[in-house]
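# Show me the folded form of this:
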Amino acid sequence: MKRSALQLRYIDGALEDREYILGKDFTAADIQLSFVGELAAARIGVAEYPNVVGWVRRFQARPAYKTALVRGGPYSFAA
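Purely as a prediction, here's the structure:
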């Protein structure tokens, strides 16, 4: 749990004043790390990491994300 908290704090800090991992635009970095955010939200909670919460909500709201769920089917970590 300590390691998870350390990594979530890092991601939360990286998202400070940013919409996505590398800035205002959604990139492959967000795709690569998206499962980390979703898994953490589902399994350990991310309420104390408000930037992570907002980031997950933003990428899950993207039309392409929703289309992927329609095509591939929902999974337990999707909101």
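# alpha carbons only for contacts and neighbour counts from here, please
Fine.
# can you list contacts of the biggest helix by length in the chain?
If you go by DSSP state H, the chain has its longest helix at helix 28-43. Contact with helix 28-43 is made by 20, 21, 22, 46, 52, 53, 56, 59, 77, 78, as judged by CA atoms under 8 Å, 6 or more residues apart in numbering.
# which element is the closest residue to the fifth one other than its chain neighbours on?
Using CA to CA, 6 or more residues apart in numbering and skipping residues adjacent in sequence, the residue nearest residue 52 is residue 12, 5.3 Å away. Here residue 12 sits within helix 2-14, counting by DSSP states H and E.
# Go through that helix and flag the buried ones.
8, 9, 11, 12, 13, 14 (16 or more other CA atoms under 10 Å).
# Quick check: mean pLDDT of stretch 60-68?
Averaging pLDDT along stretch 60-68 gives 95.
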